[in-house]
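Visitor: here is a sequence together with a model predicted from it:
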Amino acid sequence: KPKTKDDSAPVDLFFFVFIINTKLLFITRWCERTGKINARDVIARAQTDPKKGQLSSEEETALDFEPTAEFPSTSSSNNTSANTSSADCSETKVQQQKVEEEEGTLSSHFMQRTFKGLEIKWGETPDRYKIVFAMALAFVVCNMDKVNISIAIIPMASDYGWKPTTAGFIQSAFFYGYLLAQLPGGWLSNKFGGQRVLPFGVALWSIATLAVPLIAGDIRALSISRAAVGLGEGLSPPAAVDVISRYVPVNERSRATSIVFGGLNMGTIAGLTIAPTLIEAVGWPSVFVLFGVVGFVWCVWFDNVNPSDIVQISDGEGTSQSSGERQSESGDEVVANDEDDDKIPWVKFVQHGPLRALTYTHFCNNWAVYTVLSWLPTFYKDSLEVDLQGAAHLALLPPLAGLVVSAVAAPLADGLIERGVSITFVRKLMQSIAFLSPAACMLGCILSEDKQLSTWLLPLGLGLQTFSFAGLYSNHQDISPKYAGILLSITNIFGSMPGVIGVPFTGWLLDQTDSWTISLFVPCLFFYVSGTFIYARFGSGERLVLEE
């Protein structure tokens, strides 16, 4: 049955309690495997028998634990057995209070040791893993600020009387800024390094997000604000790809790319989980305020953890990425002198057939991602007649499926490359799965008369599209590690166009036909099939040969 407002609170509470308990269980298991004591057993002993709750000498050594008070002994209980019942009750309360104090002390010390251990582990972590993890968190914030409008637009449209066409144009304003940021973002990342460009983008989109509640009544100002969000977020992909190509070896790039871009799925989950709860509790302006503040917190944190002395690595074939000399997959030498680093070979890029095929593939991939991401909550609300919370929770399923799929696709792709399989074959295989799987699932939703089928088949297909992280999103680094950021900015210019034209076009078709099949599903199927053919026919993982 459709979920009512009162039904949502237990679901949200269960969801967050589940996440917290899972993390605590993980920490406990880690401590046990690394030789730390099992704190739960100690606490359990203290609860059943206070004397047994005392730590052994080995356990005290493991924790460096110096108790400030002894657990009550059994002798004290024996001495009080002859007292009155009121004295027994008082003594029992004192013992219980002491046990609880010891439990709190032990738990506090246990957590301190755990966090100290994690801090040591973080210090021992290689710099390239640190910066990949930090970029993944930035992408989490990135998609939180991107998807918040897809939920907030529902009450905003109700407050201001917007039609679907108007709502579509407001959502599409994001992609105008996103498109404009691509080439500047690629050039800046190539010139100054992606780790310097990314924080600037996060700060820019956070400011624009914070401004939304102040200007929401003015459609023009709101559109400019959303375009500014897109401008800041448009710097993120070129910056991330530039960092990966500089510091991550070739046999780890699929996993690094999946981890970083997988942050988008995490951001979608966080945004679609937090936004409806905040909207119903406080109102839609609170979403933009909270998410904007989170972006500034990340900037401060990144400034403290960003390794300043990180060294560029070899590109996996014996040459330094900063030297300018590279080898193609077929052994051809790629020439680019240090003195010509500022001269970007734009003509070579435009003439390169595999890059043109990759550009069209990027367009096809993003048509489905942007149109479905923007309209999926509204689709569920209209088709299944669920409330705002229900629509948001159903929209969580595709990114959840994407997280699971990316955990399989990236190691699979890197493993095939390590076994000597052609990079070209691996990229085409991953991208074919990324397109044909969601096409089959979407076709099943169209042909079936069961509306409930879309609640699991459509998310499954969109989750399988995450194979593209090991396909097209890793292909730029194959073609040219040195200019990977610029190549992604080139393909992403056309990859942004589905957001500019596809999102409002879907809204316009919905107004004209009142059919989700015609407005949302049919265009996606066309681009899935045509993208698969073009990339399989003309795509390549070989290195681009640049001659002086």
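Guide: Perfect, thanks for sending it.
Visitor: any weak-confidence spans in this protein?
Guide: For the chain, the stretches flagged by pLDDT under 70 are 1-111, 113-117, 119, 122-123, 307-342, 388-389, 391-392, 546-548.
Visitor: strands along that one, start to end?
Guide: Taking DSSP state E as the criterion, the chain contains strands spanning 326-327, 333-334.
Visitor: right, and Leu188 touches Gly234 too?
Guide: No: if you go by Cβ atoms under 8 Å, Leu188 and Gly234 don't touch, sitting 11.2 Å apart. Yep, even glycine has a C-beta here, placed from its N, CA and C like the rest.
Visitor: more neighbours, these two?
Guide: The neighbour comparison of Leu188 against Gly234 (other Cβ atoms under 10 Å) goes to Gly234, with 31 against 23.
Visitor: surely the more buried one and Gln182 touch.
Guide: Yes: look at Gly234 against Gln182 with Cβ under 8 Å: they come within range, at 5.8 Å.
Visitor: now the common contact residues for the two.
Guide: Listed as contacting both Gly234 and Gln182 by Cβ atoms under 8 Å, 6 or more residues apart in numbering are 492, 496.
Visitor: nearest the geometric middle of the chain, what residue?
Guide: Geometric centre of the chain, nearest residue: Gly263, 1.4 Å, by Cα atoms, centre = their mean.
Visitor: can you tell me the closest non-neighbouring residue to it?
Guide: Sequence neighbours aside, Phe139 is the residue nearest to Gly263 in space, at 3.1 Å (criterion: Cβ to Cβ, 6 or more residues apart in numbering).
Visitor: any idea how far Asn251 is from that neighbour?
Guide: Using Cβ to Cβ, to the nearest Å, Phe139 is found at 22 Å from Asn251.
Visitor: so which of the two has more stuff around it?
Guide: Higher neighbour count among Phe139 and Asn251: Phe139, with 24 against 12, using other Cβ under 10 Å.
Visitor: give the contact list for the more buried one.
Guide: Counting by Cβ under 8 Å, 6+ apart, Phe139 makes contact with 236, 240, 260-264, 266-267.
Visitor: neighbours of the residue lying closest to Leu394 once chain neighbours are set aside, how many?
Guide: Of all residues not flanking Leu394 in the chain, Tyr380 sits nearest, at 4.6 Å (Cβ to Cβ, 6+ apart). The number of residues packed near Tyr380 is 22, by other Cβ under 10 Å.
Visitor: hmm, Tyr380 is touching His393, no?
Guide: No: judged on Cβ under 8 Å, Tyr380 makes no contact with His393 at a distance of 9.1 Å.
Visitor: what does stretch 380-400 rub up against?
Guide: In this structure, residues lying in contact with stretch 380-400 by Cβ under 8 Å, 6+ apart are 2-5, 8, 11, 150-151, 154-155, 264-266, 268-269, 272-273, 275-277, 279-280, 372, 376-378, 451-452, 454-456, 458-459, 462-463, 516.
Visitor: filter these down to the buried ones.
Guide: The neighbour count (16 or more other Cβ atoms under 10 Å) marks 3, 8, 150-151, 154-155, 264-266, 268-269, 272-273, 275-277, 279-280, 372, 376-378, 454-455, 458-459, 462-463, 516 as buried among those.
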